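Novice: okay, here's the prediction I keep looking at, along with the sequence it came from:
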Amino acid sequence: MTTTTPSRRRRRAPSRIERAAGRAAALQRPRVILAGLLLLALTSVMLLDGYLRAEVGGDQRVRDGASSSEVPDKILDGGPILTFRGGTATTLSVPEKTIALTFDDGPNPTWTPQILSILEKYDVPGTFFLVGSMVSRYPDIVKNMVEQGDEVGIHTFTHVDLSYQSGSRVDREMQQTQLALAGAAGITTTLFRAPYSSETDAIDNYSWPVYQKLGKDGYTSVFVDTDSDDWKKPGVSKIVSWATPKDGKGASVLMHDAGGDRSQTVKALPEYIEKMRAKGYTFTTISGVIEKDNASNRLSTGELSTGKQPTGEQSTGGLYGRAATGGSGRTRLQAAHRTATGTTLYEGKALIAVVAVAEWTVPALSYGLVVVGVAVMGRFGMMLVLARRHHRQRNRRRFSWGPTVTRPVSVIVPAYNEKECIANTLRSLSKSTHPIEIIVVDDGSTDGTSEIARSAAYELGMTNVRVVRQENAGKPAALNNGVRSASHDIVVMMDGDTVFEPETVGHLVQPFADPAVGAVAGNAKVGNRDTVIGAWQHIEYVMGFNLDRRMYDLLRCMPTIPGAIGAFRREAVLQVGGMSEDTLAEDTDITIAMHRAGWRVVYQEHARAWTEAPGSLGQLWSQRYRWSYGTMQALWKHRKSLTDRGPSGRFGRVGMPLVVIFQIVTPVFAPLIDVFTVYSMIFVDFRAALYAWLAVLGLQLFCAAYAFRLDREKYRYLLMMPLQQLAYRQMMYLVLIHSCITALAGGRLRWQKLKRTGEVGTPAGVG
């Protein structure tokens, strides 16, 4: 065993890597916070969209048959307009030969504009009782409605029966609708119609307190006394007939501009208007009925002769138009409307803006979900087909790489504070059936790693071990030092926490019989798989990494040779400039560089290495964060391969798109599947969403089982897969999102040292 003398330790200025690490640490927390905010924003958008569609917080209960013993008889027997002037409940009826034409449940982007067009054509005003969630989704329709001179009222925000709701929920339903109106048309309103209401004689002991409360808040509640029942779609003639008042009486007539197919309403409306006018009827709004009643009262009390205006009854424009006074014309000012100002106006505009974002985002997410789903299913299918082909091809009896490679090779072991593992690593290498030299590169360890390595080599009688010490410079520098020190033309690289099987090196170097092969990826396996976290990573290694490598091998675009087990032609490593410090994923970086230089990179499934995977969530996050960020760096570094010719261009146009799609883009958007699944389970159809999720899980289990079969692994670990999908996969998504944010922010990380336990001993002990 030979050693090099370590250089004398001296105080030095922080290196570039250390300075970069300091900057990365300073940016770490803001990135995590930003990743959390993105997740929170996505969840909030989903919940807002569900609320707008009454899927979140919706209440479909409708009260029927309750007693009305506490409701005054004069209200039950009164007209369709309920006011609380002076604190006293009063009802008003529509004057004879007058119709207040009202529409419920809108606005609707299909039917409301058609109805507005008909009203404008016939110069007839309408009163629209709008659902706040629909107002926030279609503000332009409401703005046009108000500008056209029609009147609007509140029909709650989510179309719920308010008699079942708490006082705070009632206030919220009203306030949110007012904000929506303010944002859409710059107005608020004093009119209200309760969902599922009809005539005043249907007021019961549960709804009466709600009307009293709203009356104290200044609202006028509007009922109907003539119902077209157009929602039943009985036909145009019946809609016209049922909406016609009896014996020339006035009426508050109910129609609908939303809530289903309103084509019959659209067809019936012109016929109805012409029929009513032929009978001598005029059309007005609800506020027109109220103002006509006010005018009658002022005339009887002599107020008109003195020019007095009742307090609280002034319209936004100061004058009442023809519709407001019962005429047949249109008006652009309605007495029930109030100009929205101050915080109400700005909060309303903010609500409309946020809803617009949700209305754009959710459909985009839905389409993204379809794309991600197709990509994921396509990837599974391609992996299965190519993995099967790869396995059959490489395991044929007649398959050979060429003449058996028997010459010695150099094994490079970079080590930084590996006192727990380095002895086990050397012990496994001492049993190698292939002739090797071992170069342990101690990268400035402070825990006695080099001394332990020398002692282990001495105890094992290994004369083929060299321990090279260097000041801490990072893993790439350690590997390059090992390559320069290597005596043989093939170098095997492994981690200091990894153990090899006796036949591993022999299997790993056989592809070099083919002179076109420049590098070989081995089969890395999780040694500490008996913990929950270890089992999750074991599934990932077998299913994800090794199935992927089989696929990439056949496509000749393998993106990564694992740091735990890989072999290279020494001349190829030197040709591409060695292990680069430009990225955190030096293994991915050099693999892509090999492709671009024209070397072939293959996968050798029989060369197995057992590595110690991170044992805690924090360590796992740190490792995968570095991996994913380093992969992005490597892809960006080699982006010019997209336009290159020859082998470099082949990787750029085949390998790079596959890596970007399947390792970055698809995983980033993959949480959509889980978000939509949870959303659907809670708010849409639990059973259908559950079946869909189980179907995807079943497909993944099938792929995993096939991967385990190819690697001859025990199937019992697949029992952990459902839990892995619920917890582990979500963490990997967040890690990738975190890495994307880091990349966009331009941050840098360093080669991070994970905490080791040394529990992975010999391969036999972990099998």
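Specialist: Structure received. Numbering: from 1, shown residues only.

Novice: hey, let's count contacts and neighbours off CA atoms from now on
Specialist: Fine.

Novice: contacts only, for Gly518.
Specialist: For Gly518, the contacting residues are 512, 568-569, 572, 594, 599-601, by C-alpha atoms under 8 Å, 6 or more residues apart in numbering.

Novice: can you tell me the SS state at it?
Specialist: With DSSP: H, G, I helix; E, B strand; the rest coil as the basis, Gly518 sits in strand.

Novice: ok, now the one 4 residues further on?
Specialist: Per three-state DSSP, the secondary structure class of Gly522 is strand.

Novice: which residues touch it?
Specialist: Applying C-alpha under 8 Å, 6+ apart, the residues near Gly522 are 508, 561-562, 565-567, 603-609.

Novice: returning to what we had before: so which of the contacts of Gly518 sit within helices?
Specialist: The helices, defined by DSSP state H, take in 572, 594 from the contacts of Gly518.

Novice: burial count for the nearest residue to Ala593 once chain neighbours are set aside?
Specialist: Counting by C-alpha to C-alpha, 6 or more residues apart in numbering, Ala593 lies nearest to Val576, which is 6.3 Å off, once chain neighbours are set aside. Per other C-alpha atoms under 10 Å, the neighbour tally for Val576 reads 17.

Novice: now Val576: how far from Phe568?
Specialist: Taking C-alpha to C-alpha, to the nearest Å as the measure, Val576 falls 12 Å from Phe568.

Novice: hmm, back to that, for Val660, state which of the contacts of Gly522 is nearest.
Specialist: Nearest to Val660, judged by C-alpha to C-alpha, of the contacts of Gly522 is Ile561 at 17.0 Å.

Novice: right, and that closest one touches Ala524 too?
Specialist: No: using C-alpha atoms under 8 Å, Ile561 is not in contact with Ala524, being 10.0 Å away.

Novice: mind telling me what element Ile99 is part of?
Specialist: strand 98-106 (DSSP states H and E).

Novice: CA atoms of that strand as PDB?
Specialist: What follows is strand 98-106, C-alpha atoms only, in PDB (Å, rounded to 0.1, in the frame of the first residue of the first chain):
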ATOM      1  CA  THR A  98     -98.000  46.900 -15.600                       C
ATOM      2  CA  ILE A  99     -95.400  44.100 -15.700                       C
ATOM      3  CA  ALA A 100     -92.100  44.000 -13.800                       C
ATOM      4  CA  LEU A 101     -90.200  41.500 -15.900                       C
ATOM      5  CA  THR A 102     -87.700  39.700 -13.800                       C
ATOM      6  CA  PHE A 103     -85.000  37.100 -14.600                       C
ATOM      7  CA  ASP A 104     -83.200  34.800 -12.200                       C
ATOM      8  CA  ASP A 105     -79.900  32.800 -11.900                       C
ATOM      9  CA  GLY A 106     -77.800  34.800 -14.400                       C
END
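
Novice: could you identify the helix or strand that succeeds that strand?
Specialist: For strand 98-106, the following helix or strand on the C-terminal side (DSSP H and E) is helix 111-121.

Novice: tell me which element Gly157 is part of?
Specialist: No Gly there; residue 157 is Phe. Per DSSP H and E, there is no helix or strand for Phe157.

Novice: that one and Met174 touch, don't they?
Specialist: Yes: counting by C-alpha under 8 Å, Met174 is a contact partner of Phe157 at 6.8 Å.

Novice: from the contacts of Gly518, which is closest to Thr433?
Specialist: For these, the nearest to Thr433 is Phe512 (17.2 Å; C-alpha to C-alpha).

Novice: who's in contact with the closest one?
Specialist: 401, 405, 518-519, 569.

Novice: do the same with Ala453
Specialist: Residues near Ala453 by C-alpha under 8 Å, 6+ apart: 422-423, 426, 440, 467.

Novice: what do you get for Asn472?
Specialist: 443-445.

Novice: can I get these in TSV including neighbour count?
Specialist: Below are these laid out as TSV (neighbours: other C-alpha atoms under 10 Å):
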residue	neighbour count
Asp443	24
Gly444	21
Ser445	18
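
Novice: what about the longest strand anywhere in the chain, average pLDDT?
Specialist: Longest strand in the chain, counting residues (DSSP state E): strand 600-611. On average, the pLDDT along strand 600-611 is 94.

Novice: what does stretch 121-141 give?
Specialist: The pLDDT scores in stretch 121-141 average 95.

Novice: below-threshold pLDDT in this protein: ranges please.
Specialist: Residues of the chain that meet the criterion pLDDT under 70 lie in 1-39, 42, 46, 49-60, 297-333, 670-672, 683-684, 741, 743-767.

Novice: and with 50 instead?
Specialist: Per-residue confidence for the chain (pLDDT under 50) gives these ranges: 1-27, 304-329, 331-332, 751, 764-767.

Novice: which helix runs longest in it?
Specialist: Using DSSP H, we find that the single longest helix of the chain is helix 342-394.

Novice: sorry, back to before: just the contacts of Gly518 now: which is nearest Tyr541?
Specialist: Ranked by distance to Tyr541 (C-alpha to C-alpha), the contacts of Gly518 are led by Val601 at 19.2 Å.

Novice: pretty sure that closest one is touching Tyr552, no?
Specialist: No: shown here, Val601 and Tyr552 do not form a contact pair, counting by C-alpha under 8 Å, at 9.4 Å.

Novice: give me the common contacts of those two.
Specialist: Listed as contacting both Val601 and Tyr552 by C-alpha under 8 Å, 6+ apart are Met558.
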